[in-house]
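Visitor: no sequence for this one, just the structure:
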C-alpha cells in the first residue's frame, strides 16, 4: 500500500512540474506607453512557449488601445504584428517603449 501511495505521488509530481514550467512561457507581456493627449496604449503581446519569436502576436487589448487613439483596425493590426514579432523588443521594455513612441510620432 505504501508503495502505491509513493508511486501515485511521484506520478502526480512528474505530471505537474512540466505543466507549471510550460505555463510560465505563455504569460502575456504588458507594457504601457502614452500617446498624445494622455491616452494610454497598452502594449500586450502573446508569447508562445518558445524563446524564439514564433507565435508572438498582439493581444486584443493592444489593438483596441491603438484603435481608441485613431488608428483603423488594419493599421493597428500591422503595428501590433510589427511590434510583437520584433525579436529585439522581446523582454526589453525600454526598447519597446522607444519603438512605440517612434511609431506614434510618425502618425
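Guide: Sure thing, it's come through. Source: prediction; values computed, not measured.

Visitor: So residue 44 lies in a strand, does it not?
Guide: Yes: assessed with DSSP: H, G, I helix; E, B strand; the rest coil, residue 44 lies in a strand.

Visitor: my read: it touches residue 59, true?
Guide: Yes: if you go by Cβ atoms under 8 Å, residue 44 and residue 59 touch, sitting 4.1 Å apart. (C-beta placed from N, C-alpha, C; glycine too.)

Visitor: and residue 68, how many residues sit next to it?
Guide: Residue 68: 14 surrounding residues under other Cβ atoms under 10 Å.

Visitor: And for the closest residue to residue 53 other than its chain neighbours, the neighbour number?
Guide: Excluding the flanking residues, the one nearest residue 53 by Cβ to Cβ, 6 or more residues apart in numbering is residue 87, at 4.9 Å. The number of residues packed near residue 87 is 11, by other Cβ under 10 Å.
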